[in-house]
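Colleague: I would like the atomic coordinates for the input below:
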Amino acid sequence: MPESDVELIRKGFEDLASGGYEALLPLIAPDFELTTPPALSAEPDTYRGPEGMTRYFESFYDAMDEIHFEPLEFREVGEWIVVPFRMTARGRSTGLEVEQLAVMAWQVRNELAVRLEVFAELEGALAALGNSSD
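Modeller: Residues are numbered from 1 along each chain as shown. I've put the predicted structure just below:
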């Protein structure tokens, strides 16, 4: 995997932090697919393309405020870029602060993100991706 793919995802996190989710959209391929599992989402679903990414974030921002994603490391696993991260946010109506640790696994093709899967823990992500035929 070219180092540039890791740098592309690293820059995506930087853009998200400085410019919000809209800054991520140029990174998203038309055939992009994001799957959020029931264990990590109040509304598990599959989101497709830049429109799906917008729908995901807008539904998230309906419930949460001050959302921050902090990548903890970037690891290459086959064709995947695995990023354990910390998400912090504040409930929009409750004001309660929440923190969640999870793992994103990104696939990049032609300098665009084509797939993102989210896992509860690094070991589960590595096991799933190690057995993946993608």
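
Colleague: residues contacting residue 83?
Modeller: Residues counted as contacts of residue 83 (CB atoms under 8 Å, 6 or more residues apart in numbering) are 9, 13, 71-75, 103-106. In short, each C-beta sits where N, CA and C put it, glycine included.

Colleague: can you say which of the residues you listed are buried?
Modeller: Buried subset of those (neighbour count, 16 or more other CB atoms under 10 Å): 9, 13, 71, 74-75, 103-106.

Colleague: what residues of the helix or strand harbouring residue 7 count as buried?
Modeller: Residue 7 belongs to helix 3-19 when assigned by DSSP states H and E. By neighbour count on 16+ other CB under 10 Å, the buried set for helix 3-19 is 5-6, 8-9, 12-13, 15-16.

Colleague: pull the residues that contact it.
Modeller: So helix 3-19 is contacted by 23-24, 27, 68-69, 71, 74, 76, 81, 83, 85, 106, 108, 111, 113 (CB under 8 Å, 6+ apart).
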